[in-house]
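Asks: What follows is a predicted structure for the sequence shown.
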Amino acid sequence: MGREYELVMHPRLKHICCFVVEIDYRTPHLHREMELSLILSGSLSVSTQGLSSQLREGDLALFNANQVHEYHAEGAPARMLCIQVIPQFCHDSFPSLQNTRFSDFCLREHLGTEEYALCRAMAVEFAYRYCRRDFGYELECDALLRLIFSILVQRVPNRVLPDGESGRSRERVERLNRILDYIDANYMNKIQLGDLAQSEGISTYYLSHFFTDHLNCSFQNYLFQVRMRHARALVASTDKKLIDVCLECGFSDYRYLNRAFQQQFGCTPNEYRSLSRQAGDEAREGGIGSVERFLTEQEMLTELKAYRQTHAAAFETLLRLFPNGETATS
């Protein structure tokens, strides 16, 4: 799937999900939660709504609710801590967060050195206590998250959408989902931009720009990538004949598929199949086309504990405010 609406579960804390993931590639996706991400190792190229940027180890990023974003690892897979939270989590004290839109997803340039280090430490400490689940961790996690956002709303450029504009924003998201859901269901067939525009009651010109503004690529390129991701999945995980892969994924003939694989991966489909089998079947989660592995809870704790020890100085003040009987180096 080239893009999907990600349904995020909140198994432990209401409104909140937290995990560490090892990413090679994550397809364009959106979800109703805001997402605060910290790069623990490696680097990622991030694309969102016409903007692209590189995130390196130690960088923080913040995505608005329903903001389409895509991750590419630069080199080896990168490890990233994600905290996904529904904006209503602090509705009792700061209801306007629900309609707040941050204008930049890269946080480094908007925070002072000490504030940036503190936000990173609070994000890691949030995840660490979320995993440990010691007595009272729910209150600690809630407090840490509110402190993080109290800094972000004061330092990162943002605006609160009036109710009317907030409604129009929801309509745009709904339109985007309708269009992309249609592509996801019909990528194996011939799809024309004009037909989609007619079904939405808008011009082809408007839809073309709407597409580029939201997904940072043209309609044709997006459709090609959707087809390629499905083809890659079939080539890697099945023994289907390549002509059948072509038919199931919307490619007109084998030569087109072969050329696409050469351009994307530097090898033929058959060579890609052999390489995939040699590499083995690693655990993968996420939409079709995503290449990522979610760390287990024990792996998360090990990763987060190592981070706390490496950056012990940044946690000294934090652990005085939130004592739990241990130090960052213990």
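Replies: Nice, thanks for sending it over.

Asks: Just read off the phi/psi values of residue 53.
Replies: phi -160, psi 160 (degrees, to the nearest 10).

Asks: Is it bridged to anything, and to what?
Replies: residue 46 (DSSP bridges).

Asks: wait, it sits on residue 104?
Replies: No. Contact between residue 53 and residue 104 fails when scored by CB atoms under 8 Å: they sit 9.3 Å apart. In short, each C-beta sits where N, CA and C put it, glycine included.

Asks: Could you export stretch 242-251 as PDB, CA atoms only?
Replies: Extracted in PDB, the C-alpha atoms of stretch 242-251 (Å, rounded to 0.1, in the frame of the first residue of the first chain):
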ATOM      1  CA  LEU A 242       6.400 -12.500 -13.400                       C
ATOM      2  CA  ILE A 243       3.600 -12.200 -16.000                       C
ATOM      3  CA  ASP A 244       1.100 -12.800 -13.200                       C
ATOM      4  CA  VAL A 245       2.900 -10.200 -11.000                       C
ATOM      5  CA  CYS A 246       2.500  -7.700 -13.900                       C
ATOM      6  CA  LEU A 247      -1.200  -8.400 -14.200                       C
ATOM      7  CA  GLU A 248      -1.800  -8.200 -10.500                       C
ATOM      8  CA  CYS A 249       0.100  -5.000 -10.000                       C
ATOM      9  CA  GLY A 250      -1.000  -2.900 -13.000                       C
ATOM     10  CA  PHE A 251       2.200  -3.200 -15.200                       C
END
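
Asks: for that stretch, what is the average pLDDT?
Replies: The average pLDDT within stretch 242-251 is 94.

Asks: Residues in contact with that stretch: which ones?
Replies: Outside of stretch 242-251, the residues within contact range by CB atoms under 8 Å, 6 or more residues apart in numbering are 187-190, 223, 227-228, 230-231, 234-235, 240, 252-254, 256-258, 260, 269-270.

Asks: now these: which count as buried?
Replies: With neighbours counted by 16 or more other CB atoms under 10 Å, the contacts of stretch 242-251 contain buried members at 187, 223, 227-228, 230-231, 234-235, 257-258, 260, 269.

Asks: quick one: which of those residues is nearest residue 167?
Replies: residue 223 (29.5 Å; CB to CB).

Asks: And the lengthiest helix in the chain, what does it pack against?
Replies: Using DSSP state H to define each element, the chain has its longest helix at helix 163-186. Where contact means 3 or more CB pairs under 8 Å, 6 or more residues apart in numbering; DSSP states H and E, helix 163-186 is packed against helix 193-200, helix 204-215, helix 219-237.

Asks: For residue 242, grab the count of nearby residues.
Replies: Neighbourhood size, residue 242 [other CB atoms under 10 Å]: 19.

Asks: start the count at 57, not 1, going forward
Replies: With 57 as the first residue, the last one maps to residue 298.

Asks: Need the phi and psi values for it.
Replies: Dihedral angles (degrees, to the nearest 10) for residue 298: phi -70, psi -30.

Asks: That one and residue 373, how far apart?
Replies: Using CB to CB, to the nearest Å, residue 298 is found at 59 Å from residue 373.

Asks: what mean pLDDT does the helix or strand containing residue 372 have?
Replies: Residue 372 is located in helix 368-377, with elements delineated by DSSP states H and E. Mean pLDDT, helix 368-377: 83.

Asks: Now do the buried residues in it.
Replies: The neighbour-count check on helix 368-377 (16+ other CB under 10 Å) flags 370-371, 374-375 as buried.

Asks: And for stretch 96-109?
Replies: 96, 98-100, 102-104.

Asks: Show residues contacting it.
Replies: 76, 79, 84, 110-113, 117, 119, 123-137, 161-162, 268-270, 272, 359, 363.

Asks: cool, and stretch 310-330?
Replies: 280, 284, 287-288, 291-292, 298-299, 301-302, 305, 307, 331.

Asks: got the contact list for the residue lying closest to residue 144 once chain neighbours are set aside?
Replies: Sequence neighbours aside, residue 154 is the residue nearest to residue 144 in space, at 5.6 Å (criterion: CB to CB, 6 or more residues apart in numbering). Going by CB under 8 Å, 6+ apart, residue 154 touches 143-144, 147.
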